[in-house]
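Undergrad: fold the following and give me the result.
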Amino acid sequence: QVPLVESGGGLVEAGGSLRLSCAASDRTFSRMAWFRQAPGKEREFAAGIYWNTNWDTAYTYYADSVKGRFTISRDNAKNTVYLQMSNLKPEDTAVYYCAATESYGAIYNRQSFGYWGQGTQVTVSS
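TA: Numbering: from 1, shown residues only. This next block holds a predicted model:
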């Protein structure tokens, strides 16, 4: 297993911002994503990024619920993916998980991912 180490979670007021980081040790994945799981709910896709190595181009994908507020990016030199979250809402409260894969499954489908981080708590107060 390649460990994915997440950081950056915390408590923030509604309307605030947080940035999550996910570092993959010793390996670069072409597809990485952030999922989140609120208490009593299924783990759901939040944002994903696919790096096409041939074209050196990154493609990003977002759930409708976070589009326009969250931005996913990556630093290949550091094997790190970031999730910049702005204008946070109480309904964004969840444990956020970083995921990585080299498979060709849909990036919004958690079944496509074989590597997972331990999760980081994000709590947004109203």
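Undergrad: do you know how far the closest residue to Thr53 other than its chain neighbours is from Arg43?
TA: For Thr53, ignoring the flanking residues on the chain, the nearest one in space by C-beta to C-beta, 6 or more residues apart in numbering is Ser30 at 6.6 Å. Where you see a C-beta, it was placed from the backbone N, CA and C, and this is true even at glycine. Separation of Ser30 from Arg43 (C-beta to C-beta, to the nearest Å): 22 Å.
Undergrad: tell me the pLDDT of Pro39.
TA: Per-residue pLDDT puts Pro39 at 92.
Undergrad: what does Gly16 give?
TA: According to the prediction, Gly16 has pLDDT 98.
Undergrad: cool, Gln111 as well?
TA: 94.
Undergrad: next one: Asn79
TA: Note on Asn79: pLDDT of 89.
Undergrad: wait, it touches Ala23, no?
TA: Yes - look at Asn79 against Ala23 with C-beta atoms under 8 Å: they come within range, at 6.1 Å.
Undergrad: more neighbours: which of these two?
TA: Neighbour tally, Asn79 and Ala23, criterion other C-beta atoms under 10 Å: the higher count belongs to Asn79, 19 against 16.
Undergrad: OK, contacts around the more buried one?
TA: By C-beta atoms under 8 Å, 6 or more residues apart in numbering, the residues touching Asn79 are 23-28.
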